[in-house]
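*Asks:* Sequence below, structure please.
(chains A and B)
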There are 2 protein chains.
Amino acid sequence: MAFVVEKFGGTSVAGPDRIRVVADHVARRRSRGDETVLVVSAMGSETDELLRMASDVAADPPGREVDMLITGGERKACALMAMALSDLGAPAESFTGSQAGFRTDSSHTGAKITQITPGRIIDALARGMVPVVGGSQGVSGDGDVTFFGRGGSDTTAVALAHVLDADYCEIYTDVPGVFSADPRIVAEARRMETISFDELLEMTASGCPKPAMRAVELARTYGVELHVRSAFSWMPGTTVTGEEAMEHAIISAVTHDASEAKMTVSGVADRPGVAGRLFRTLADTDVNVDVIVQNVSSRGVTDISFTVPRSQLDTARTAAQGLIGELEADDVSADDGIARVSLIGAGMQTNPGVAARMFETLASAGINIEMISTSAIRISCVIRAGDMERAVSTLHESFELDKDPADRASVY
Amino acid sequence: MAFVVEKFGGTSVAGPDRIRVVADHVARRRSRGDETVLVVSAMGSETDELLRMASDVAADPPGREVDMLITGGERKACALMAMALSDLGAPAESFTGSQAGFRTDSSHTGAKITQITPGRIIDALARGMVPVVGGSQGVSGDGDVTFFGRGGSDTTAVALAHVLDADYCEIYTDVPGVFSADPRIVAEARRMETISFDELLEMTASGCPKPAMRAVELARTYGVELHVRSAFSWMPGTTVTGEEAMEHAIISAVTHDASEAKMTVSGVADRPGVAGRLFRTLADTDVNVDVIVQNVSSRGVTDISFTVPRSQLDTARTAAQGLIGELEADDVSADDGIARVSLIGAGMQTNPGVAARMFETLASAGINIEMISTSAIRISCVIRAGDMERAVSTLHESFELDKDPADRASVY
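*Replies:* Numbering: from 1, shown residues only, chains lettered A, B, ... in the order given. Reported below is the predicted structural model:
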């Protein structure tokens, strides 16, 4: 008997049939004695459809109205889920974010939770109801409806699991767990039984799409155990915890990200304050800079390269070009033909050979490395986009990620 | 400069293009100095689509969840309308029923307003915003979302016009006003410039579909002047007031209703309490009985006939058959091949010839009258369904309803 918060993403509840399937799972689980709170996302592509309607009626719709509009998607899904559960003998009640007690700031389409008062959820549980909560939404101090942003339902689920003191939080998605590489690229990709919060954070930051990074950060902060599972197979998925695994792999996974572009500001003066001025300017225009590399200085000047989301390339270029005079730079160039491959693994901290082997592996495959960045548990290489899939496959094979961790090389 | 509550029905806001058209009208009006509060229904057939999804996931969905689901339709429409208005230079804010201050009882999918505290609407107006309110919805004392039922957006609009002390309330629909007969049946049907609340109530009760009866009752109670107009033609429509028109027609309109069936309980004992027992039983099964006719008694027994909505015929028949023994009745029979035609007119109270002329007109057209019922301003005849359209046309012509009231006969 466990007390679990279960979060179902858009593909898990894409239509009435899927909603019935999920409700059946929850009803069976309840009859076996588990107690559950559900969090649901909007059905299928509903959020996209609502945003398309918004762009049909207004060029630049106000954030307040966008949030009112799109939170309706989760609300619809949770009402239908509550109906399906009741129909299957598991009495249920739906709750909007506001009704579930999610108070937020007023940052529309990116609201932050300020307080959770889940009195109605606790009351519903006490009455034997399955509470079904609309994900990614709350209410501001002004009484306006707020949306947490894409992937915000994961945040709702983790936050509820924390304040309700649930045993763990299950994130149901359309893949059966976290993999050692994208199974669409590497057929031998291995589902991991466990992974640490830090590794999962590095993975989501470097291309692994699920679960949402903000939710993983929240789970790590509050020590909420996460289970990443599939609502299509119902197999055990990947457990994400803060605890050190008994048998920890040196490398857990290889990830990739083809959504970024590279910018280079070349020939800038190599003096204090230059980088600060550049990245403050980019931050002020809301550009998300990721990998940053500054080459060694020669002739008193240097090149600064960095990656930005491809969708923000024009904004970033305009901002950087405006600084050419001030920074005494030669040029600003952009390159949208890049991709990033990353190795993730908490074990690499004590294995200095990992980076060398990664570079050797790519080199032996004839893949040129354009930029490198590292963290304690991640090494990323920026390469040509056309080399990406081959790089992922080669690295996966070289580091034996298809094997059980116990059967792999113990040092590189 | 007027202060007006404008209600837009589902066809008026059926898609993004329609929403832009309505927003354009409101923005122009605002720039001319009028102050407006908008109430919007769900877009097009959205309510039907949501109910179909509900029936896809559950055989008998709980009312609480149905209300949570379908009120999302109005909410979506009002967020899109607020976006469109803002885009056209008329800053706007959407409000759910709850945010607009509509408190209700807990009767789901048929909630009654208990209190309105429109503080946020007044505040939005003071800030120069156009408030856009989701129709037909509120919040119960338990904090649950409630739905007023079909046509409830008219009720929202009239109630807001009352508590905000608006100059009048405009109900925008897909027809340009109230007509002397259904223009689809009678090509010469005449749009009425004015009509009294009582006449409009009799019309809606006897087949005229718009506006919703409950809203008209509310408007009459609080003396809220209604304008029934079209959001397609934007022409002046029909004004509904409690004041006596300067030049009042004897007959205003002929209406028809083909949605009912006739039931007859024959050979019942002609003694006190029999009718009471029958109609109490029907009321207890929530059957809406309309026209009731009891034939004169012969041999100490009588026949009681009445009409019920065709959709409730089975329920009504079962209930009545259960009373055959107790009422010493011979038989219960049902007939779903009937229709009702009605003449409506406040002037008929002082014109005793109206009924006679109606019966003569139908007789000369070879149409048999099966039941008759009257009120102070209405005469209804139940006839064969196949005769309905001919009856409406003939009556419209006979009472000269295509002519201006001043040009008609002044007595019958």
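*Asks:* where does the stretch 251-400 of chain A have low pLDDT?
*Replies:* Along the stretch 251-400 of chain A, segments meeting pLDDT under 70 span A:296-298.
*Asks:* 50 instead, please
*Replies:* Low-confidence segments of the stretch 251-400 of chain A (pLDDT under 50): none present.
*Asks:* Whichever residue of it sits closest to chain B: neighbour count?
*Replies:* Nearest to chain B in the stretch 251-400 of chain A, going by CB to the nearest CB, is A:Asp286, at a distance of 21.5 Å. (Each C-beta comes from the backbone N, C-alpha and C, glycine too.) Other residues near A:Asp286 come to 8 when the count uses other CB atoms under 10 Å in any protein chain shown.
*Asks:* so who does it touch?
*Replies:* A:312, A:315 (CB atoms under 8 Å, 6 or more residues apart in numbering or on different chains).
*Asks:* Does A:Trp234 touch A:His25 like I think?
*Replies:* Yes - taking contacts as CB atoms under 8 Å, A:Trp234 lies within contact range of A:His25: 6.5 Å.
*Asks:* what about these two, which has more around it?
*Replies:* Between A:Trp234 and A:His25, A:His25 has the larger neighbour count (other CB under 10 Å), namely 18 against 13.
*Asks:* does chain B sit close to whichever strand or helix holds that one?
*Replies:* A:His25 belongs to helix A:16-31 when assigned by DSSP states H and E. Yes - using CB under 8 Å from any CB of the partner chain, helix A:16-31 reaches chain B at A:16, A:19-20, A:23.
*Asks:* Flag every buried residue along that helix.
*Replies:* Going by neighbour count (16 or more other CB atoms under 10 Å in any protein chain shown), the buried part of helix A:16-31 is A:16, A:18-23, A:25-27, A:29-30.
*Asks:* and which of those residues is nearest to chain B?
*Replies:* A:Pro16 (3.6 Å).
*Asks:* Find the nearest non-adjacent residue to the closest one, please.
*Replies:* Nearest residue to A:Pro16, sequence neighbours excluded (CB to CB, 6 or more residues apart in numbering or on different chains): B:Asp56, at 3.6 Å.
*Asks:* just checking, what packs against the strand or helix carrying the one you found?
*Replies:* Assigned by DSSP H and E, B:Asp56 falls within helix B:46-57. In this structure, helix B:46-57 packs against helix A:16-31, helix A:63-87, helix B:63-87, with contacts taken as 3 or more CB pairs under 8 Å, 6 or more residues apart in numbering or on different chains; DSSP states H and E.
*Asks:* can those go into TSV with extra columns for mean pLDDT and distance to B:Glu35?
*Replies:* Formatted as TSV, those follow (pLDDT from 0 to 100; distance: least, CB to CB, whole Å):
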stretch	mean pLDDT	distance to B:Glu35
helix A:16-31	96	43
helix A:63-87	97	20
helix B:63-87	97	13
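*Asks:* which stretch among those comes nearest B:Gly149?
*Replies:* Smallest distance to B:Gly149 across those (CB to CB): 9.8 Å, for helix B:63-87.
*Asks:* Measure how the closest one sits relative to helix B:16-31, angle-wise.
*Replies:* 60 degrees (axes from the mean of the first three to the mean of the last three CA atoms, to 10 degrees).
*Asks:* Residues contacting the helix or strand just after helix B:63-87, please?
*Replies:* Sequence-wise, the next helix or strand downstream of helix B:63-87 (DSSP H and E) is strand B:92-95. Contacting residues not belonging to strand B:92-95 are listed as A:64-65, A:68, B:38, B:75, B:78-79, B:81-83, B:85-86, B:120-121, B:124, B:129-134 [CB under 8 Å, 6+ apart].
*Asks:* For ChimeraX, what selects the buried ones among those?
*Replies:* Buried residues within the contacts of strand B:92-95, by 16+ other CB under 10 Å, are selected in ChimeraX with:
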select /A:64,65,68 /B:38,75,78,79,81,82,83,85,86,120,121,124,129,130,131,132,133,134
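*Asks:* got the angle for the helix holding A:His25 vs helix B:46-57?
*Replies:* 50 degrees.
*Asks:* roughly how far out does helix A:16-31 sit from the chain middle?
*Replies:* 26 Å (CA atoms, centre = their mean, to the nearest Å).
*Asks:* Show me what the helix or strand just after that helix packs onto, helices and strands only.
*Replies:* Later in the chain than helix A:16-31, the nearest helix or strand by DSSP H and E is strand A:35-40. Applying 3+ CB pairs under 8 Å, 6+ apart, one finds that strand A:35-40 contacts strand A:3-8, helix A:16-31, helix A:63-87, helix A:119-126, strand A:130-134, helix A:152-163.
*Asks:* can you rerun that using 6 Å?
*Replies:* Using 3 or more CB pairs under 6 Å, 6 or more residues apart in numbering or on different chains; DSSP states H and E, the elements in contact with strand A:35-40 are strand A:3-8, helix A:63-87, strand A:130-134, helix A:152-163.
*Asks:* Share the number of residues neighbouring whichever residue of the stretch 201-350 of chain A sits closest to chain B, please.
*Replies:* Nearest residue of the stretch 201-350 of chain A to chain B (CB to the nearest CB) works out as A:Ala231 at 15.5 Å. When counting by other CB under 10 Å, one arrives at 22 neighbours for A:Ala231.
*Asks:* list the contacts for it?
*Replies:* A:Ala231 makes contact with A:8, A:12, A:22, A:172, according to CB atoms under 6 Å, 6 or more residues apart in numbering or on different chains.
*Asks:* Helix, strand, or coil at the closest residue to chain B within the stretch 101-250 of chain A?
*Replies:* When scored by CB to the nearest CB, the stretch 101-250 of chain A has A:Gly143 as its residue closest to chain B, at 6.3 Å. When classified by DSSP: H, G, I helix; E, B strand; the rest coil, A:Gly143 comes out as coil.
*Asks:* nearest spatial neighbour of it, skipping sequence neighbours?
*Replies:* B:Gln99 (6.3 Å).
*Asks:* Was I right to think A:Arg30 contacts A:Pro91?
*Replies:* No - using CB atoms under 6 Å, A:Arg30 is not in contact with A:Pro91, being 9.7 Å away.
*Asks:* how long is stretch A:146-160 from one end to the other?
*Replies:* Across stretch A:146-160, the terminal residues are separated by 17 Å (CA to CA, to the nearest Å).
*Asks:* what distance separates that stretch from the middle of the whole chain?
*Replies:* 12 Å.
*Asks:* ok, now stretch A:150-164?
*Replies:* 13 Å.
*Asks:* Go through that stretch and flag the buried ones.
*Replies:* A:151-164.
*Asks:* Could you do stretch A:360-372 as well?
*Replies:* For stretch A:360-372, by 16+ other CB under 10 Å, it's A:361-362, A:367, A:369, A:371.
*Asks:* Sort out for me which of the residues you listed are in helices.
*Replies:* Secondary structure defined by DSSP state H assigns A:361-362 of the buried residues of stretch A:360-372 to helices.
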